[in-house]
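[1] just the structure for this:
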Amino acid sequence: MVRSVIKICLSFVFLLILQNESFGQRKAELTEEQYKVLESTYRKAKEKTIYVYYHTIPFESWMQSLWNEDNYSDIGVGFCSFKESDIKLALSELKNQVFDLEEKEINREKLSVKIKTSKRKKRSKASFLSEPISIGDYSFVFSRSLDQKSVHVLKKDTLGKWNYECGVPLEFELY
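    Numbering: from 1, shown residues only. Coordinates of the predicted model:
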């Protein structure tokens, strides 16, 4: 009888540990290429310090507004022009891949001193970023803060360096 109770209790504790994220599974990590994209996203930002939340954000429903008729047209989306047809194709493929976004840990040691990670969700200066999605020569980073939601679009040059191409504001507050 005592052995049965002990076995049941141990089984229960084991199941609890497996279900707890901190014990059962580690968050996936970003690739080196994804860190390069994040660095390039803020390379020319005028702020001395950029605060980002220490995990990427998974798919959120507001991300689909990129393809709303208010934002998307035959000539471009947001501040992105479709002069080059490959960006239009990349955005079309992004529509399929955006649902696969996962929460991943951002390792602050792999970022420059300009970008700081924050564990406080309520921190007003922190941006919540998606993991970069690279399609061909383009990479897309969804960004959410207290007053805006947007998509940063970067393009890889012939030397393999990521450069900010354009942005798409999706939601924002005017002050």
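
[2] only C-alpha atoms for contact and neighbour calcs from this point on.
    Fine.

[3] ok, residue 36 - contacts?
    By CA atoms under 8 Å, 6 or more residues apart in numbering, the contact list for residue 36 reads residue 162.

[4] wait, a helix at it?
    Yes: under DSSP: H, G, I helix; E, B strand; the rest coil, residue 36 falls within a helix.

[5] residue 94 is in contact with residue 100, correct?
    No: using CA atoms under 8 Å, residue 100 is not in contact with residue 94; the gap is 10.0 Å.

[6] those two - which one has more neighbours?
    Using other CA atoms under 10 Å, the more surrounded residue of residue 100 and residue 94 is residue 94, with 17 against 11.

[7] tell me the contacts of that one?
    Counting by CA under 8 Å, 6+ apart, residue 94 has contacts 133, 135.

[8] and it, how far from residue 154?
    Going from residue 94 to residue 154 by CA to CA, to the nearest Å gives 13 Å.

[9] for residue 158, the count of nearby residues, please.
    By other CA under 10 Å, neighbour count at residue 158 equals 8.

[10] over to residue 110?
    If you count neighbours by other CA under 10 Å, residue 110 ends up with 13.
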